[in-house]
Structures are given as structure tokens and as C-alpha cells.
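Engineer: here's a sequence, model it:
(4 chains)
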There are 4 protein chains.
Amino acid sequence: MDNSKIDNFRKKLHTIIYEADTPAGKFFDLVLLILIVISVIAVMLESVASIKIKHGQLLAIIEWVVTVFFTLEYIARIFAVNKPWKYIFSFYGIVDFLATVPKYIGLLFPGSGVLISIRAIRLLRVFRILKLVHFVGASNQLVLALKKSRAKIAVFLFSVLVLCIILGTIMYLIEGPEHGFTSIPVSIYWTIVTLTTVGFGDITPGTSLGQFISVIIMILGYGIIAVPTGLVTAELIGDKKVNLNTQVCPNCSADKHRDDARYCYNCGYHLND
Amino acid sequence: MDNSKIDNFRKKLHTIIYEADTPAGKFFDLVLLILIVISVIAVMLESVASIKIKHGQLLAIIEWVVTVFFTLEYIARIFAVNKPWKYIFSFYGIVDFLATVPKYIGLLFPGSGVLISIRAIRLLRVFRILKLVHFVGASNQLVLALKKSRAKIAVFLFSVLVLCIILGTIMYLIEGPEHGFTSIPVSIYWTIVTLTTVGFGDITPGTSLGQFISVIIMILGYGIIAVPTGLVTAELIGDKKVNLNTQVCPNCSADKHRDDARYCYNCGYHLND
Amino acid sequence: MDNSKIDNFRKKLHTIIYEADTPAGKFFDLVLLILIVISVIAVMLESVASIKIKHGQLLAIIEWVVTVFFTLEYIARIFAVNKPWKYIFSFYGIVDFLATVPKYIGLLFPGSGVLISIRAIRLLRVFRILKLVHFVGASNQLVLALKKSRAKIAVFLFSVLVLCIILGTIMYLIEGPEHGFTSIPVSIYWTIVTLTTVGFGDITPGTSLGQFISVIIMILGYGIIAVPTGLVTAELIGDKKVNLNTQVCPNCSADKHRDDARYCYNCGYHLND
Amino acid sequence: MDNSKIDNFRKKLHTIIYEADTPAGKFFDLVLLILIVISVIAVMLESVASIKIKHGQLLAIIEWVVTVFFTLEYIARIFAVNKPWKYIFSFYGIVDFLATVPKYIGLLFPGSGVLISIRAIRLLRVFRILKLVHFVGASNQLVLALKKSRAKIAVFLFSVLVLCIILGTIMYLIEGPEHGFTSIPVSIYWTIVTLTTVGFGDITPGTSLGQFISVIIMILGYGIIAVPTGLVTAELIGDKKVNLNTQVCPNCSADKHRDDARYCYNCGYHLND
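Structural biologist: Residues are numbered from 1 along each chain as shown, chains lettered A, B, ... in the order given. Take a look at the predicted model:
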């Protein structure tokens, strides 16, 4: 009897923590979301020297409230889930753990500043908010379009990277350390800064030839931005099109039939589904 | 009799001020537009120290002429409209009020420099010009396309923001205050500057690891600009496609009729729904 | 007899100079193009102090050869054309004149450095090269797409400008002269530099609030670049679509008929062409 | 007999080195790819002063291993190919040669630092990796789309270049050497930096008129980026549209057949051309 009571409680807890369909589940998600946002803002503000001096006390209290809530939540998550170890070693499990523990270790060994820095990992919990966003229908189409054009975007990025390595090396040979191009990796960094049209200006070409190559890099970057844009756009529009499949007619080897085709458009042969 | 005269005058005034169909209405809109532009330019030029010293007298006169006209216009607007309070507390009502009052307060209390700064709010009146632009048909399609893809753009911007918070924190941990990354908010500011390919160069990474992460941020920014572009483009193209269906006219075999077509566009035959 | 000979010569000259169909005409265009490019490069190089000291003699000779050729060409153009005054006061006529005269005036009054600067106007002659490019079919579609989306792009640019004026004024009020935002026009300049993602870094926000507004400006700029891109893309793709016209059915007032429609799709009424 | 053995060996070697279908060929390609990547990274790291001091010994060993392997590979390539001279004077043949020789010359004449710099040419070998990428189907469509819109992109880039020359000269006349616009080529360099929205900030306009022209250049750059994007997108979408025509099957009234269809895809009825 007692066991079934616990089981019942676990089921209820599971519904509240892991699902978002019931009012209680929605309320829990909302509270969690607000606490994550508060904790993120607190971590941010604590890093600002002037605010830490003024409102350090308040931030410390918020910190502790959030940490205690996150600890309770972490324990509840382990308790409510069927396979606790699977959760503990999942991405979210580790993030949830790292969001609480450094605070306690910092209590035991007061000098460990590095560990307190790790607390910033808590920021990764904002991904949980993104999970909620996931339910917004709008994001599905976006993610799909990005996934579909993933292969092409990868090929594009790889080509750009090779281009940047070659152009970066050329710039290193032309400009050299006296104009800030201290090494090939730094030159490649500069090339990417220029090609992506970011243009910090911390390193700039000093020679005429260097400026000429820079101009080519810039125009390249200005032009090839069209490629990822074109890929994603084509994918987003293509979603609404008549789908042509890769089925091949067994009779005449014609391909690119409409998805709903029952006869070959070329020879009239009946296609198998 | 007198009352109906006033009523008549109010109606005429309403037509002139709030509508743009009559020649008088168009003339009023034009004069208002020119005065807003002049007042905007005057506010701008007054902020330039060298011009203020040279042409301060002229700017002060323009200032007063415009203020008096705006005051008369404000009173006329209140008088001509049926529900004055609704106008007074509307967005444009408050802007119109703030476009006139600070000048008079500045007269009473000569030292109130801050209040004179508020006069710059007058710039918001340029939105009235945009209202005129609204009548240009071209803008409708644009606004519609932006509205339709609003949800997706919001999801996109939110994801980018979360990404920037995480990457900014990582950069803060790597670079630290000694390279200008004085706090997490400043690091996030830098991350957004880099991701959007603005690249001021007021803060730049100093360590190799920092430069490596920077390169990833830049390429990310260079790549994901494709997303809002793709969304708006897909929407703009989708708008143009009046849905043409595949229904075929039984009389003349013409197809690609509009979805809501009831008669064949080619032979006038009545189509079955 | 003599007169008809001159007339014949003028006709031949006209064919050579103003047309590009005959071999002689093509040869003339090619020579002109090369001389314009040489003169452009010479003007550029002369502005480089180190090159002027070293190769000043050579540049001066090139300068004179080009000037003499351009002078002869200018005289020939006036002689060959039927309505000389129309040519002389046309855009190209004035540019051609300004491409030769400053050199001679500089000869008469040796000290007139400003006039020699005007010689740089010669660069405008490169537009003649663009005229040749005009014959490349590829450019037609481009120009058409840009022309068609002109109205929308104008509305877009105007909205962006108003936005920049308002945001620039806000930044001026927040940051003020102590952080480099010396006047409203300078602030607007900075806002456009930021919104267009150029980001020189000559002026950067110093306050937290200023950096927050900057971030909003950047994300705005990063997002709304989608608009002109979407407009041009939609136009380029739309060129290939079924054209729906704005004709209105006299019977039922339905519009957006297919361009080749002979009957109203809504009521079957016969449409007049 | 011996000769046929050698011939056999050559054939096998050819299969391994020049083809990627057999397991041995795939393994060779993989090893080559890894060695190229290692050699590229080694060249990069050697240019970093601090790493060269620390790990110079290790880098030298890697250098020699890679050089020896590349030398053996080069000899094998010459031996295995039917027309050795064609390979030797091909692009890849010259790159492969320059990837090995400078190391040996550096051994004979120890002081020749320049020659060792040429070793960086080895980076061009990464193009071999791209050749492998070529087999990934995704890149074909990309390359095709870029090729098809090549003519239009060239016209676009040429127009942008002419614009930059004119605007750069105007900026030189306005700003002059006292604000960093030391010569026309430098001004053109600055104009391209601004137009492509890179914006280094090494040179920035100092006069009001200069800032005004800058703003125009930036907005131009912000706007015309739409052109290459639109071109590539239109091409990428155009590729997907197999032209479906409006022909209607006389038997089953199905429409949207492929342009080259001879039979109805729905019922197999023979379509009239």
C-alpha cells in the first residue's frame, strides 16, 4: 500500500516536472523558467564590479534561493524518473548537476574562484527554455529547412575555411609581423574577420599589395554570403512545391516522377509503389 | 444657429487636419510635413556646437515659428476631433503635446537644459510622415510579409539571444577583464557586435582560444543571417502566388484557375466547385 | 560635290564613334575603353605621393597623350553628330568636356591646383564602359528587377532613415559628447554605421544603457537586411511567374485576372482587351 | 614478362593513387588527407614564435616525415601516370613539386629563409581535399547555381567596382590626406571596406560632408547586397523547378505534366505533343 502511494506520488511528480499538459505542469515550467532567467541575470550582474559592490548582499541571497530550488528540483527529477542513471548522465542531467554543485563546493573551500566561475554553466539551463519554444509551431519549419540544407551548408563552410587558410597564408607572407600579422593562425583569424564582413580593425593591412588582397577578400565575402542565404531560402520555398521523387521507371529508366505518379511520364509504364 | 456654424467649422477643420482627400487637406499635410522636416533639421543642427554659435539666432527664430505652429495645430486637433481625450492620450496626442510644451517650460525656468533635450521627442513626429507613406501601396505588401513571418523571426531572434548569452559568458571566462571583457554583460554586448558582423573593434580577443571562439561566432553570424532573409523572402514570394488550382475547364480544358474562380477565364464556362 | 564628301565623312565618323556594329566602330570603342582605363589608373597613381616623385615624368606624358586624344575625340564627336548643341549639353558631353579642359587651363595658370583636381571628373567617363556592358544581356534582367522593386526599396530606405534619426537622437541623449556622440548628426551617422553592420569603431557607446540600445540597433540591422534581399529575390523569381493584371471586371468588379484572360473568372463576363 | 609485371604494378598504383573506388584507394586518400592536414597545421604553428621555441624539435620531425612521404608520393604519381609530363606541368603537379622541393633546397643553402616561406605553398594541397568533397553530391548543385549566375554576378561586381572608383575619388577630394585618405587608391580601398560593410575603422571620415557621403555608401552597400543574394537564390530555386506544363491529359484530365512527358503520369494515356 505504502509502496503504491509512493508510486502514485512519483507518477504525479513526473507529470508535473516532465510534462507540460496539466495546469500544475505548466505552472512548474513557468516558475522554473522565471528562476532560470533570474539566475542568469544574477550571474551576469555579479560579474559587473560596481554592481557587486553595491548589491552583493542581494545577489548572494538570490543565488542561494535559486541554488536551493535547483537542488530540490534536481533531487525531484532523479526521484520521479524511471531510469535515474539515464537522466543523470544525459546532457540536461549534467547541466542540472553543474548548476547546483559548484556553490556547495565553494562553501567548503572558500578560495576556489575557478569553481565559482563554473557556476556560469548554469546559463546552459536556458536551453530548457528553448525546449519550451520548441512547442511553438513556427520553429519546426525553420529547423527542418536548416536540417535539409545542412549538407550543403557544411560543404560551403568547409570551402570557405580552405579559402581562408590559403588567403590568410598569402596575407602573412605579404604583410608579415611588422603590420600585425604575427603568425599564420592570426592571419587566418584576420581573413575570417574580413571575409565575414565583421572587420574589427585591430589588425589592418599596411602595404598596397595587402590592401589589394584585402579588397578581394571583402568582395568575396560580400558575394558568397549569397550562398547560405540562397540555400536556406530555396529550402524554405521548396517545402511548398510539388515533390518529385528519385524513383526510376523500370521500363525506360526515366526518373524525377511526381510523388503521386502511377504511370511513367515518358513511356506510360505502370510504376510500382 | 451659431452652434451649427461651429459644428460646420469643426467638420471642415476635421476634414483638413485628419483627412487627405481634399486639396485643402493635402496642402495642410504638405505644410505639416515640411515643418516637421524643418524642425527635425533645426534640432539636429542646434546640437552641432559650431553651427549653434554661428546661426543660433536663426535657429531660435525657426524654433519659435515651428513651436507656435505646432501649438496652434495641437489646439486645432483637440477642437476638431469628436473625442478630445482619446486623442490627447493617444500615442500621437502625447507626442504632439511633448513637441510643444518643453519650449514654454524652458521659457519659464531658463536653466532647465534637460527639458530642452526632451524637445528632441519632436523627432517622433516624423512618424506622421510614415503615416503618409502608408498610403503608398508598396509598403502594404512589405508590412504584411513582415507580419506573417513575425512569429518565426521572434523564435529566431530568441534563439540568437540565448546563443549570445552562452557564447558571451564563455568569452568572459576565456578572455577576462584584462582583454577588455570586463563583465558578462559587456561580453554579451561584444558577442552581439561580432555575431551581427558589425565589429566595432573597441574590444577584441587577445588570447588564441578567444580568437578561435571569435571565428566560430563570426562564421555563425555569417551563416545564420540566411535565416531571417529566407523567412522574409519565402513570405514575399508566397504572397504573390495567388493560389491557382489544377481544376480543368470541362469546356475548353484551360487550367490554373484561381482557387475562388467560378467561371473559366478562357471561355466563360461555369466551373463546378 | 565637296559638301557631299564632307557629309559622307561625317556619316562614316558617326558610324565609327557612336555605333559599335562595324569592325572600325568596335576598334574605336576598344581603344577608347583602354585609354579611359589608362587615364583612370594614371589619375589614381598620381595621387600616390611616392609614385608621383618616382614616375611623375611618365605620368605627365601619359596624361598629355590621353588629353590630346580625348580632345580630338571631343571635336570629332561634335563634328559627327547632327545636333552638336544637344550633345555638348548632355551628361556625356559635359563629362567629355571636363575630361580635357582643366589640363589646358592648368597650363595657362600653373598654380591652379583645384582645377587639376577637377580632372578626376575624367573618372566619370568609365560610365562609357558601363554603356558597353549594357549590351551584355545578363544586366537587363538585373536592372529590370531593381527597377520593379524600386518603389518598395524606396519605402524601405525611407523607413530605415526615420528609424536612424530617432535612434540616433536617443543615443545622443544617452551618451552625449563625452563618449564621442558630439551632435545629433554625428549620432545619426553612428547609428547608420551600426545598423548597416559596417561598425567602424571610431565612435563606440561608453554607457551600459548606450550599449543596450546599440545591441537593439545591431539586431535590427541584422534582421531588416532581409527586406531588400527578399524584395529583389521575389522580383527576380517573380519574373518567371504567371502575370496577374489589375484589370477590373466591368460586371462584378473582380480583379487580378490572368494577363491572357478573356472571360472574368468570377462571373464569366467577356472582358475587353 | 618482367615488363608486364611492372605494367601491372603501375596499373595497381594508378588505381590506388588516382582512383577512390577500391579499399586501398580510399585508404591512400585518407592517409594523404590526414598528412596534408597535419602539414598545414605544422606550417601554421611554426609561424607562431612562442610555439616554435617550445616545440620546434617536434615540428621539424613532423616536417621531415611529411616531406619524405610527399616526395615518395610525387615520384609514385609520376611513375603511375601514363603521360608524366602532362602531370608534372599540371596545376596539381606544380603544387605537389613545390610542396617538397623548398625543404631540400633549404638543406643545401641553410640561410634561404624566403624559400622556406614558399613551403607554405603546400597549403594549396588542401585543394586535393576539396576534390574529395567534390564527390559529395551536395556541392554539385551549389557549383552549378554559381556557374549559371556567373555572368550576372560579374556584371554586378564590375558595376560595384566602377561605383567604388567614383565614390573613392569623391571621398579623396572631400577628405584629403589630412584625414587618412592619402591617395585615390587608398580612398577606393576605404570605399570598398565601407560598401561591403566590413568597416575596419583604420580610416574614418573626419568632415561632415565626408560622413554624409559615407552614409550614402553604407546604405548603398546594405541595399545592393540583395543583388548577388537574389541572383543565387533565383538560380537555386530555378534548378528545382522541373518545368511542369499546363497540358491536360485527354483521358483523365490530370495536369502539370513535365514538359518532356509523352504519357500521362496518372493513367498512362499517350499525350499529343
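
Engineer: burial count for A:Glu235?
Structural biologist: 25 (other C-beta atoms under 10 Å in any protein chain shown). Heads up, the C-betas are built off the backbone N, CA and C, glycines and all.

Engineer: and the residue in chain A positioned nearest to chain C, what does it touch?
Structural biologist: Per C-beta to the nearest C-beta, A:Gly201 is where chain A lies closest to chain C, at 5.5 Å. Contact analysis of A:Gly201 by C-beta atoms under 8 Å, 6 or more residues apart in numbering or on different chains lists B:Gly199, B:Gly201, C:Phe200, C:Gly201, D:Gly199, D:Phe200, D:Gly201, D:Asp202.

Engineer: which one of these is nearest to B:Glu63?
Structural biologist: Nearest to B:Glu63 among those is C:Phe200, at 32.4 Å by C-beta to C-beta.

Engineer: just the pLDDT for that closest one.
Structural biologist: For C:Phe200, the pLDDT comes out at 90.

Engineer: how many residues are close by it?
Structural biologist: Residues near C:Phe200, counting by other C-beta under 10 Å, number 28.

Engineer: surely it and D:Phe200 touch.
Structural biologist: Yes - using C-beta atoms under 8 Å, C:Phe200 makes contact with D:Phe200 at a distance of 7.5 Å.

Engineer: coming back round to it: looking at the contacts of A:Gly201, which are in helices?
Structural biologist: Per DSSP state H, helices hold no members of the contacts of A:Gly201.

Engineer: tell me how chain A divides into domains.
Structural biologist: With domains defined by automatic domain parsing, chain A comprises A:3-134, A:139-238.

Engineer: can you tell which of the ones you listed is closest to B:Ile216?
Structural biologist: Using C-beta to C-beta, the domains of chain A put domain A:139-238 closest to B:Ile216, at 9.5 Å.

Engineer: shouldn't A:Arg205 be within a helix?
Structural biologist: Not Arg; residue A:205 is Pro. No - per DSSP: H, G, I helix; E, B strand; the rest coil, A:Pro205 lies outside any helix segment and is coil.

Engineer: tell me which of the domains of chain A sits most buried.
Structural biologist: With neighbours taken as mean count of other C-beta atoms under 10 Å in any protein chain shown, those reach their highest mean count in domain A:139-238, at a mean of 21.

Engineer: poorly predicted segments of chain A, please.
Structural biologist: A:1-2, A:20, A:110-123, A:126-142, A:238-250, A:252-273 (pLDDT under 70).

Engineer: would you work out how far apart the start and end of stretch A:104-124 are?
Structural biologist: Across stretch A:104-124, the terminal residues are separated by 19 Å (C-alpha to C-alpha, to the nearest Å).

Engineer: check stretch A:43-54 too.
Structural biologist: 15 Å.

Engineer: that one near chain B at all?
Structural biologist: Yes - among the residues of stretch A:43-54, A:Val43, A:Met44, A:Leu45, A:Ser47, A:Val48, A:Ala49 lie within reach of chain B under C-beta under 8 Å from any C-beta of the partner chain.

Engineer: quick one: closest of the domains of chain A to B:Ser187.
Structural biologist: That would be, of those and by C-beta to C-beta, domain A:3-134, which comes in at 8.1 Å.

Engineer: how far away from the center of its chain is that closest one?
Structural biologist: Centroid separation for domain A:3-134 versus its chain: 19 Å, with C-alpha atoms, centre = their mean, to the nearest Å.

Engineer: so stretch A:173-184, near chain D or not?
Structural biologist: Yes - using C-beta under 8 Å from any C-beta, we find that stretch A:173-184 touches chain D at A:Leu173, A:Thr182, A:Ser183, A:Ile184.

Engineer: relative to chain B, how far out is the third one?
Structural biologist: When C-beta to the nearest C-beta, to the nearest Å is applied, the distance between A:Ser183 and chain B equals 9 Å.

Engineer: that residue against D:Ser47, yeah?
Structural biologist: Yes - counting by C-beta under 8 Å, D:Ser47 is a contact partner of A:Ser183 at 4.2 Å.

Engineer: in contact with A:Tyr189, which residues?
Structural biologist: Counting by C-beta under 8 Å, 6+ apart, A:Tyr189 makes contact with A:Gly168, B:Gln211, B:Phe212, B:Ser214, B:Val215.

Engineer: which single one of those is nearest to C:Lys54?
Structural biologist: A:Gly168 (31.5 Å).

Engineer: tell me which element that closest one falls in.
Structural biologist: helix A:150-175 (DSSP states H and E).

Engineer: same deal with A:Ile237?
Structural biologist: Here A:Ile237 is assigned to helix A:226-238, by DSSP H and E.

Engineer: show residues contacting stretch A:62-71.
Structural biologist: Outside of stretch A:62-71, the residues within contact range by C-beta under 8 Å, 6+ apart are A:Leu35, A:Ile38, A:Ser39, A:Ala42, A:Glu46, A:Asp96, A:Ala99, A:Thr100, A:Lys103, A:Tyr104, A:Arg122.

Engineer: which among the residues you listed gets closest to chain B?
Structural biologist: Nearest to chain B among those, with distances taken as C-beta to the nearest C-beta, is A:Glu46, at 8.2 Å.

Engineer: wait, the closest one touches A:His55, no?
Structural biologist: No - with contact defined as C-beta under 8 Å, A:Glu46 does not reach A:His55; the gap is 9.1 Å.

Engineer: output stretch A:83-97 as CSV, nothing but the C-alphas.
Structural biologist: Output of stretch A:83-97 as CSV, limited to C-alpha atoms (Å, rounded to 0.1, in the frame of the first residue of the first chain):
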residue,chain,number,x,y,z
LYS,A,83,15.7,5.3,-15.1
PRO,A,84,17.6,7.8,-12.9
TRP,A,85,21.1,7.0,-14.3
LYS,A,86,20.0,7.7,-17.8
TYR,A,87,18.9,11.1,-16.7
ILE,A,88,22.0,11.8,-14.5
PHE,A,89,24.3,11.2,-17.4
SER,A,90,22.2,12.9,-20.0
PHE,A,91,23.1,16.4,-21.3
TYR,A,92,20.4,18.1,-19.2
GLY,A,93,21.3,15.9,-16.2
ILE,A,94,24.9,17.0,-16.2
VAL,A,95,24.0,20.6,-16.7
ASP,A,96,21.4,20.5,-13.9
PHE,A,97,24.1,18.9,-11.6
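
Engineer: can you give me the helices for chain A?
Structural biologist: Using DSSP H, helices in chain A cover A:2-18, A:23-46, A:49-80, A:84-88, A:91-98, A:101-108, A:113-118, A:126-133, A:138-148, A:150-175, A:184-195, A:208-224, A:226-238.

Engineer: show me how far the last one is from its chain's centre.
Structural biologist: Pointing back at helix A:226-238 there. 20 Å.

Engineer: neighbouring contacts of that helix?
Structural biologist: Counting by C-beta under 8 Å, 6+ apart, helix A:226-238 makes contact with A:141, A:145-146, A:148-149, A:152-153, A:156, B:222-223, B:225-227, B:229-231, B:233-234, B:237-238, C:229, C:233, D:142, D:145-146, D:228-233, D:235-237, D:240, all of which sit outside it.

Engineer: swap the cut-off to 6 Å and go again
Structural biologist: Contacts with helix A:226-238, where a contact means C-beta atoms under 6 Å, 6 or more residues apart in numbering or on different chains, come from A:145, A:148-149, A:152-153, A:156, B:223, B:226, B:229-230, B:233-234, D:228-229, D:232-233, D:236-237, D:240.

Engineer: now the angle from it to helix D:150-175?
Structural biologist: Between helix A:226-238 and helix D:150-175, the angle comes out at 130 degrees (axes from the mean of the first three to the mean of the last three C-alpha atoms, to 10 degrees).

Engineer: now helix A:226-238 against helix B:208-224, angle please.
Structural biologist: Using the same axes, to 10 degrees: helix A:226-238 against helix B:208-224 is 40 degrees.

Engineer: now helix A:226-238 - C-alpha only, PDB.
Structural biologist: Extracted C-alpha coordinates of helix A:226-238, given in PDB (Å, rounded to 0.1, in the frame of the first residue of the first chain):
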ATOM      1  CA  ALA A 226      24.600  34.900 -51.100                       C
ATOM      2  CA  VAL A 227      25.200  31.100 -50.900                       C
ATOM      3  CA  PRO A 228      23.900  30.200 -47.400                       C
ATOM      4  CA  THR A 229      21.100  32.700 -47.900                       C
ATOM      5  CA  GLY A 230      20.100  31.100 -51.200                       C
ATOM      6  CA  LEU A 231      20.300  27.600 -49.800                       C
ATOM      7  CA  VAL A 232      18.000  28.300 -46.800                       C
ATOM      8  CA  THR A 233      15.600  30.400 -48.900                       C
ATOM      9  CA  ALA A 234      15.400  27.700 -51.600                       C
ATOM     10  CA  GLU A 235      14.700  25.100 -48.900                       C
ATOM     11  CA  LEU A 236      12.000  27.300 -47.200                       C
ATOM     12  CA  ILE A 237      10.300  27.900 -50.500                       C
ATOM     13  CA  GLY A 238      10.800  24.300 -51.800                       C
END
